[in-house]
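**Student:** fold the following and give me the result.
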Amino acid sequence: MGTDNQTWVREFILLGLSSDWDTQVSLFVLFSITYLVTVLGNFLIVLLIGLDSRLHTPMYFFLTNLSVVDVSYATSVVPQMLVHLLAEHKAIPLVSCAAQLFFSLGLGGIEFVLLAVMAYDRYVAVCDPLRYSVIMHGGLCSGLAIASWVSGSVNSLMQTAITFQLPMCTKFIDHISCELLAVVRLACVDTSSNEIAIMVSSIVLLMTPFCLVLLSYVQIIATILKIQSTEGRKKAFQTCASHLTVVVLCYGMAIVTYIQPRSGPSVLQEKLISLFYAILTPMLNPVIYSVRNKEVKGARQKLLRKLSGFTSKLAI
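**Tutor:** Reported below is the predicted structural model:
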């Protein structure tokens, strides 16, 4: 097959997780519930931060960005997957496939950079608390957030462009979505240059932020260990615990998947990893920040009291 095959590939068929109807219905119900929880949970985080002036700080500004990224990432994958679980013809047009790859890849890159930015914020808060408000001023926070969105988007645009210039041998994608490695595998030609591009972008947008996170936490831990009081150490650790939990969840599988695209995980593992990032991580992030963060819990209780008072007045 030659490069002319690119002219007849107008849509792709996503093979998904299972061809068994009962399994697909069960997955539809499960994924619908988790997607609803994801949207509501992240919306609640954004709402609490917007309504409570005590949360108008750099940390929660970045958390708002993270929640928007999580909802957007889930939305780029899950609704299409839900439709295909119940559809007999599991096709996705070429343009829609390219758009899905662009948004999911871009939002993933944005999240990795954002987590590094949040690690820097925690580093300043713990290691240089007296100058925190001076260092983490509004201009710097906005600039770091914009840099996260721009870097992820530019990388995704480049990867999407070079991926969909490849001549495709088949239209059957053995995946739950138009994921980068799954689409590259369809090519009729040598994809070494694409794999090099994936490796380079992985180093820039995955490994570099990850190393910056590690460096930040080495400094944070060293500073915490120097604090003499147990209460002081506990309070310092609590300022980082939620972020550290999210970091552990987000970086590990991505490194396994993208740093070695040739010898990486199996197709089934890739599908499970994609599900993890599309469904589990966006759902868990607001839970982690709600459960482990006193300020967010306080804002939630404050909002519940206001709603309770409001409903009581309506009842009267």
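
**Student:** can you map out the helices along the protein?
**Tutor:** Here the chain has its helices, by DSSP state H, at 21-51, 58-86, 94-127, 132-135, 138-163, 180-184, 192-202, 208-226, 230-258, 267-275, 281-291, 294-315.

**Student:** OK, contacts around the nearest residue to residue 236 once chain neighbours are set aside?
**Tutor:** Distances taken as Cβ to Cβ, 6 or more residues apart in numbering put residue 224 closest to residue 236, at 4.8 Å, once the chain neighbours are dropped. Where C-beta positions appear, they are placed from N, C-alpha and C, glycine not excepted. For residue 224, the contact set (Cβ atoms under 8 Å, 6 or more residues apart in numbering) comprises 126, 233, 236-237.

**Student:** can you rerun that using 10 Å?
**Tutor:** Listed by Cβ atoms under 10 Å, 6 or more residues apart in numbering, the contact partners of residue 224 are 126-127, 217, 232-237, 239-240.

**Student:** now residue 69
**Tutor:** Applying Cβ under 10 Å, 6+ apart, the residues near residue 69 are 42, 106-111, 114, 148-149, 152, 282, 285.

**Student:** residues contacting the closest residue in space to residue 276 that isn't next to it in sequence?
**Tutor:** Excluding the flanking residues, the one nearest residue 276 by Cβ to Cβ, 6+ apart is residue 253, at 6.1 Å. Under the criterion of Cβ under 10 Å, 6+ apart, the neighbours of residue 253 are 265, 269-270, 272-274, 276-277, 281.

**Student:** just to revisit the earlier point, check the contacts of residue 224 and tell me the two furthest apart.
**Tutor:** Using Cβ to Cβ, those span at most 17.9 Å, a distance reached by 217 and 232.

**Student:** compare the two (neighbour count), which wins?
**Tutor:** Higher neighbour count among residue 217 and residue 232: residue 217, with 19 against 12, using other Cβ atoms under 10 Å.

**Student:** the more buried one touches residue 118, doesn't it?
**Tutor:** No - applying Cβ atoms under 10 Å, one finds residue 217 not in contact with residue 118, separated by 11.4 Å.

**Student:** and for these two, which residues touch both?
**Tutor:** Joint contacts of residue 217 and residue 118 (Cβ under 10 Å, 6+ apart) are 240, 243, 247.

**Student:** nearest to residue 182, of those?
**Tutor:** Nearest to residue 182 among the shared contacts of residue 217 and residue 118, with distances taken as Cβ to Cβ, is residue 247, at 26.0 Å.

**Student:** I'd assumed residue 115 was in contact with that closest one.
**Tutor:** Yes - if you go by Cβ under 10 Å, residue 247 and residue 115 touch, sitting 5.5 Å apart.

**Student:** shared neighbours, these two?
**Tutor:** 209-210, 213.

**Student:** tell me where the model's unsure across the stretch 51-200 of the chain.
**Tutor:** Within the stretch 51-200 of the chain, not a single segment meets pLDDT under 70.

**Student:** give me the neighbour count for the residue lying closest to residue 157 once chain neighbours are set aside.
**Tutor:** Counting by Cβ to Cβ, 6+ apart, residue 102 is the residue found nearest to residue 157 once chain neighbours are left out, at 6.6 Å. Number of residues near residue 102 (other Cβ under 10 Å) recorded here: 20.

**Student:** and what of residue 240?
**Tutor:** Counted by other Cβ under 10 Å, the residues lying close to residue 240 total 22.

**Student:** let me see the contact set for it.
**Tutor:** Counted by Cβ under 10 Å, 6+ apart, residue 240 has contacts 118-119, 121-123, 125-126, 216-217, 220-221, 224, 247.

**Student:** CSV for the residues you listed, including distance to residue 74?
**Tutor:** What follows is the contacts of residue 240, written out as CSV (distance: Cβ to Cβ, whole Å):
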residue, distance to residue 74
118, 19
119, 23
121, 24
122, 25
123, 29
125, 29
126, 31
216, 27
217, 27
220, 30
221, 32
224, 34
247, 19
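
**Student:** got a ChimeraX select line for the buried ones in the residues you listed?
**Tutor:** To isolate the buried members of the contacts of residue 240 in ChimeraX, using 16 or more other Cβ atoms under 10 Å:
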select :118,119,121,122,123,125,126,216,217,220,224,247
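
**Student:** now, which of the contacts of residue 253 sits nearest residue 178?
**Tutor:** Distances from residue 178 to the contacts of residue 253, taken by Cβ to Cβ, are shortest for residue 274, at 10.4 Å.

**Student:** from residue 138, how far off is the nearest residue in space to residue 72 that is not next to it in sequence?
**Tutor:** Nearest in space to residue 72, with sequence neighbours left out and distances taken as Cβ to Cβ, 6+ apart, is residue 107 at 5.4 Å. Here the criterion is Cβ to Cβ, to the nearest Å. By it, residue 107 lies 24 Å from residue 138.
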